[in-house]
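what follows is a protein structure lacking sequence information:
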Ligand code: COA
């Protein structure tokens, strides 16, 4: 974790890893470097057993991320654009497939790829002044980093169509109302709120959290009967962990469980 990055900052708070997007002059818009550095950091976080949960946020109070860096667009050929879409999809896909919980702390604009990044996270906490949207339609484009796929799964077809086909930005309170974010707090409290959520998750049973995330993320992509089989298999597998014994013993002796991830 001692690598130095150009476009992200990395902080540790005990078992919680913070990834802070840091291209303020471009409102944390994603160029190739930011995408690569984020992918690299996510891989490192996945492989580090001392990291139990991750928070992604942007530096300052202006932007979580204003999306793909549009200055790259004029150079793109159709083939390069397709490849770029797949790279972004795979990078954000690492968050979804990550075995640890990931929280987006949305500190300002989350637009285009910025919102797509947040959509890949397990939880979204937003600052009151944050604005969220997929404005690609106004550029004659559509989302290419899973916006059309993940937004609909989170807010449903009607709201996803409205946000994508009109391309309007919505405010944090509306995002909360439609279930796009889990919580809205004043900007001054954002770090604290996201940090507390991450700490709570980092004290949970890592194996069960991983299986719950898999069952939720992947189970819903199959017909119900297959999803149920997946759930039953993971439920059974969770019984092989020492954490189950610890959870049961803690319940019986009315103490707080101390999970080891074994
Ligand atoms: N790509 C590259 N640069 C971007 C960017 C993006 N997606 N979004 C913002 N920037 C740059 C601006 O060009 C500006 O640079 P400059 O200071 O060199 O002119 C700087 O970030 C600040 O943005 P600015 O537009 O001046 O701030 P604002 O507060 O007036 O507006 C936004 C903020 C987010 C509403 C506006 O920048 C915007 O609409 N950005 C594009 C969002 C978008 O369409 N994303 C999807 C891309 S597919």
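Received the coordinates, thanks. What you see is a predicted model; the values in this text were computed from it and never measured.

would you list the phi and psi of residue 261?
Phi and psi for residue 261, reported as degrees, to the nearest 10, are phi 80, psi 30.

count of neighbours near it?
16 (other Cβ atoms under 10 Å). From N, CA and C alone the C-beta is placed, and that goes for glycine too.

is it true that it touches residue 205?
Yes. Using Cβ atoms under 8 Å, residue 261 is in contact with residue 205, at 7.3 Å.

what residues are shared contacts of the two?
Both residue 261 and residue 205 are in contact with residue 243, where contact means Cβ atoms under 8 Å, 6 or more residues apart in numbering.

need the contact list for residue 67.
29-30, 111-116, 135-136.

for residue 92, same thing?
Residue 92 sits next to 116-117, 119-120, 145-146 when contact means Cβ under 8 Å, 6+ apart.

at 10 Å instead, please
35, 38-39, 42, 113, 116-121, 145-147, 150 (Cβ atoms under 10 Å, 6 or more residues apart in numbering).

just the pLDDT for it.
Model confidence at residue 92, given as pLDDT, is 98.

how about residue 2?
We have a pLDDT of 58 for residue 2.

and for the one 10 residues further on?
According to the prediction, residue 12 has pLDDT 97.

again, but for the one 10 residues further on
Confidence per residue is given as pLDDT, and for residue 22 that number is 97.

that one is in contact with residue 37, isn't it?
Yes. Between residue 22 and residue 37 there is a contact at 9.4 Å, judged by Cβ atoms under 10 Å.

who has more neighbours, these two?
Using other Cβ under 10 Å as the criterion, residue 22 and residue 37 rank with residue 37 on top: 21 against 17.

that one belongs to a helix?
Yes. Applying DSSP: H, G, I helix; E, B strand; the rest coil, one finds residue 37 inside a helix.

and the gap between the nearest residue to it once chain neighbours are set aside and residue 23?
Leaving aside its sequence neighbours, residue 37 sits nearest to residue 5 (Cβ to Cβ, 6 or more residues apart in numbering; 4.6 Å). Residue 5 sits 11 Å away from residue 23, taking Cβ to Cβ, to the nearest Å as the criterion.

shared neighbours of these two, which are they?
Joint contacts of residue 5 and residue 23 (Cβ under 10 Å, 6+ apart) are 33-34.

looking at the two, which has the bigger crowd around it?
A direct count of neighbours by other Cβ under 10 Å for residue 5 and residue 23 places residue 23 higher, at 21 against 17.

can you name the element that comes right after the strand or helix carrying residue 164?
Taking DSSP states H and E as the criterion, residue 164 maps to helix 157-166. Downstream of helix 157-166, the first helix or strand assigned by DSSP H and E is strand 170-171.

rewinding a little: which residues are contacting the helix holding residue 164?
115, 132-138, 142-143, 147-155, 168-170, 174-175, 177-180.

go back to the residues you listed and keep what's next to the ligand.
135-136 (Cβ under 6 Å from any ligand atom).

quick one, which of the contacts of helix 157-166 are buried?
115, 132-137, 143, 147-148, 150-152, 155, 169-170, 174-175, 178, 180 (16 or more other Cβ atoms under 10 Å).

taking the stretch 101-250 of the chain, what residue is nearest to the ligand?
Nearest residue of the stretch 101-250 of the chain to the ligand: residue 112, at 2.7 Å (Cβ to the nearest ligand atom).

so what's residue 235 up against?
Listed by Cβ under 10 Å, 6+ apart, the contact set of residue 235 reads 208, 211-212, 215.

in strands, which of these appear?
Among the contacts of residue 235, no residue falls in strands (DSSP state E).
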